[in-house]
Structure formats: C-alpha cells, structure tokens
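*Asks:* Sequence isn't available, so here's the structure alone:
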C-alpha cells in the first residue's frame, strides 16, 4: 500500500468523512453521511496496517504499551493544517486494526451544527448536573464542547474537563480551563473527578459516567455547588434517569432518586437522522427539571416523563415534535420520522396539524 496515514486522513477530510476504518482484508473506508466510502484502491494487509498504527502513535507522541498489554487503546492526535483525530487501535483475529474519528481544530460553531438555542441556554446554570445523552457517534462530545465554550465565553471561573481522550482543545477565555486525559493525566475517571473537587472548580465536564463510583462522585460534586456536565449512552430522559438509578444496589435506589431529583437540572438527548438530501441532521430532546419532574423522579414514575416533556412548555423540547417538524418541512421522509420517534403513531398526525 502506497498511501500514508496522513494521505488517508486527508482524503477522508476532503470527502467530509466522520470516521476512518482500517481493518485487515478490506479497503480503507470512511463514513460519509452514514455510508461507507472506500478511500484506498487496495485492500489493507496486516503489515500495511502496522505501519499506519505506528504513525498514529508517532503523531500522538505515545508509546504502544497499552495496546500490547490489553489489546486496545484510546488516544488523540493532530495532523498539522488538517484536523484532530480521536483514535482507537485494537487487535482483531491476531492482527491490528484502527478507527479514527475526525475532530475539527477549534470549537465547533453551534449554529453550523444545528444545536438549538434551548440547549445552549443550559450553560446559564451555575450548579447541578446536566446530562447529554444519545447513541455512539450522535454528537454528544460536540454538544458538550459547545456548552463548555459558552460558559468559557460568558463568565469567569475554573473549568475542569476529564476526558478519554481529549477531543476539543479549549483556549483560556474568561475562564481558566484545565483539561485532563484518562489515563495519561489520571488513572481513572473516578480518581480524576475526586481530585477535581480539591482543585477549586466552578464547572466540571466529565466525558462519560461509566461506573457506580463515577456516578456517585458526580452526584456529590453537583450537590456541593458545582456545575457538572457529562454524557451517557442512553436515549431519552426517562431511560437516562433509570440508567443512573439502576447503577446502584436496590437498597440505595430510593436515596439516589431523592438526590438526583434535587441535583439534576436538564437532560439533552440527541441522535442523527438522514435527510432527503442524504445528510445527517441532529434531532434533540430537552428536559429541564421542574417541580413536577422532580416528583416523578423521586416517586419512581419515570414512565410519565415523556408526557411531561411534551406538555412542558418553552423549557422543553420533544424529539417527536422535532421529527414532526422535519417531516412537515419535507426535510426527512416518513420512514426516518417513524424509525426514530418515541411514539410513532402520533408523529404523522402532529406533522399534519403543525402550523408552518
């Protein structure tokens, strides 16, 4: 194979690819608007891939010990005048493989990414917990980066981000920003989060809440007056709340419900839908916690939250309503709307009766 890693990544950027896949026996592929597109003529052989993986580690100024010891590794690197990339290297069937996610230099423009104002206004909270949720690859990291940048631009303070790996690099604006990478700067999310409470933060951005220890510490951080932003691989506010509570033993769940009802300020859920133009478009649900939703969380009635969002007024955004709006505006087809709707039977009816 004659292409270098730099050549491959440059081709992916030119095609507006979101990810690059390097797997033995296949052409090197990039994902463009959800579709796989080849960017190499030849199939990649194990020896070719070893050279590409070595180059990724060279760009990251990182040793390959983790990959050799445990079989996979997460890290990020930059290619000058091109972009940043989040990389996962791994072993499969005895040989190496690699996936690289494209991360643009600089903080993304929320308007270009179609992030609504109702989401950006969440940056005005001074304490509590805000969760951004959705499937892998739905843009959670981008939304979190935009929220952090809104805070960084609007008020003075200390922001700490804890990520695996660091994706967007935040400059110091009105805030001082400390960015810690797991495992390079800290051995685990839980340890870095505990340490952050002694580093006088105003805002903590936790890349992901992965285990009970991290979730418990995050709730404590939010209870003690910090603003904590984090993500979960769930879809919908109700499922997100259930996931957090179910992480704890049964004998602790009532206490966690009570704590969560007090500290949770908002849940943003997002996913990407395919438009008729063949592009991916983000659709959002926003739940802001009001007294009614606090009671639903405390009493374990999360199944009623979808209805509370739908009828909740200007501080709420229903994913079904957003899908109905896109369907009304002829941006997506009926199949896409029904595929992603929480209540498919109501989306078409809602679209018909919506005002233009």
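*Replies:* Received, thanks. The shown structure was predicted, so the numbers you read here are calculated from the model rather than taken from an experiment. Numbers count the residues shown, from 1 in each chain.
*Asks:* quick one, strands of the stretch 51-200 of the chain?
*Replies:* 72-79, 83-92, 95-103, 128-133, 157-163, 175-181 (DSSP state E, counting those that start in this stretch).
*Asks:* looking at those, which is buried most?
*Replies:* strand 128-133 (a mean of 25; mean count of other CB atoms under 10 Å). For the C-beta atoms, the positions are set from N, CA and C on the backbone; glycine is no exception.
*Asks:* Residue 179 contacts residue 165, doesn't it?
*Replies:* No: between residue 179 and residue 165 there is no contact under CB atoms under 8 Å: 10.3 Å.
*Asks:* just to revisit the earlier point, tell me which of the strands of the stretch 51-200 of the chain approaches residue 283 most closely.
*Replies:* Between residue 283 and these, the shortest gap by CB to CB is with strand 128-133, which sits at 12.9 Å.
*Asks:* got a list of contacts for the closest one?
*Replies:* For strand 128-133, contacts defined as CB atoms under 8 Å, 6 or more residues apart in numbering pick out 122, 140, 143-144, 147, 209, 218-219, 222, 227-237, 240, 260, 263-270.
*Asks:* can you do 7 Å?
*Replies:* With contact meaning CB atoms under 7 Å, 6 or more residues apart in numbering, strand 128-133 is reached by 122, 140, 143-144, 218, 222, 227-232, 234-235, 240, 263-269.
*Asks:* Could I get the average pLDDT for stretch 265-284?
*Replies:* For stretch 265-284, mean pLDDT is 94.
*Asks:* how long is that stretch end to end?
*Replies:* With CA to CA, to the nearest Å as the measure, the first residue of stretch 265-284 is 16 Å from its last.
*Asks:* In it, which residues are buried?
*Replies:* 265-275, 280-284 (16 or more other CB atoms under 10 Å).
*Asks:* So what touches it?
*Replies:* Under CB under 7 Å, 6+ apart, the answer for stretch 265-284 is 33-34, 113-114, 116, 119, 122, 125, 128-135, 138-140, 143, 235-237, 240, 285-289, 317, 319, 322-323, 331-333, 336, 340.
*Asks:* Quick one: buried ones out of these?
*Replies:* Buried by 16+ other CB under 10 Å: 33, 119, 122, 125, 128-134, 138-140, 143, 235-237, 240, 285-289, 317, 319, 322-323, 331-332, 336, 340, out of the contacts of stretch 265-284.
*Asks:* any idea how far residue 126 is from the residue positioned nearest the centre of the chain?
*Replies:* Closest residue to the average C-alpha location of the chain: residue 140 at 2.2 Å, with CA atoms, centre = their mean. Distance check for residue 140 against residue 126: by CB to CB, to the nearest Å, it reads 22 Å.
*Asks:* Test my guess that residue 78 contacts residue 86.
*Replies:* No: contact criterion CB atoms under 7 Å: residue 78 and residue 86 do not qualify, at 10.8 Å.
*Asks:* And the helices in the stretch 1-150 of the chain?
*Replies:* For the stretch 1-150 of the chain, the helices defined by DSSP state H, counting those that start in this stretch occupy 5-14, 46-60, 65-70, 117-120, 140-154.
*Asks:* Contacts only, for residue 219.
*Replies:* So residue 219 contacts 259, 260, 263 (CB under 7 Å, 6+ apart).
*Asks:* Give me the pLDDT for the second one.
*Replies:* Residue 260 is assigned a predicted lDDT (pLDDT) of 97.
*Asks:* What sits closest to it if chain neighbours are left out?
*Replies:* Distances taken as CB to CB, 6 or more residues apart in numbering place residue 297 nearest to residue 260, at 5.8 Å, with adjacent residues excluded.
*Asks:* and whichever strand or helix holds the one you found, how far out from the chain's middle?
*Replies:* Following DSSP states H and E, the helix or strand that holds residue 297 is helix 291-298. Relative to its chain's centre, helix 291-298 lies at 26 Å (CA atoms, centre = their mean, to the nearest Å).
*Asks:* before we move on, what about stretch 297-306?
*Replies:* 24 Å.
*Asks:* Enumerate the positions of that stretch that are buried.
*Replies:* Going by 16+ other CB under 10 Å, stretch 297-306 has these buried residues: 297, 302, 305, 306.
*Asks:* now swap in stretch 187-194 and tell me
*Replies:* Of the residues in stretch 187-194, 188, 189, 190, 191, 192, 193, 194 count as buried by neighbour count, 16+ other CB under 10 Å.
*Asks:* can you check stretch 227-235 too?
*Replies:* Going by neighbour count (16+ other CB under 10 Å), the buried part of stretch 227-235 is 227, 228, 229, 230, 231, 232, 234, 235.
*Asks:* Could you say which helix or strand holds the third one?
*Replies:* Spelled out, that is residue 229. Using DSSP H and E, residue 229 falls in strand 227-232.
*Asks:* what does that strand contact?
*Replies:* With CB under 7 Å, 6+ apart, strand 227-232 has contacts from 125-133, 140, 144, 147, 202-209, 218, 221-222, 240, 243.
*Asks:* what's the spacing between it and its chain's center?
*Replies:* Distance of strand 227-232 from its chain centroid, counting by CA atoms, centre = their mean, is 10 Å.
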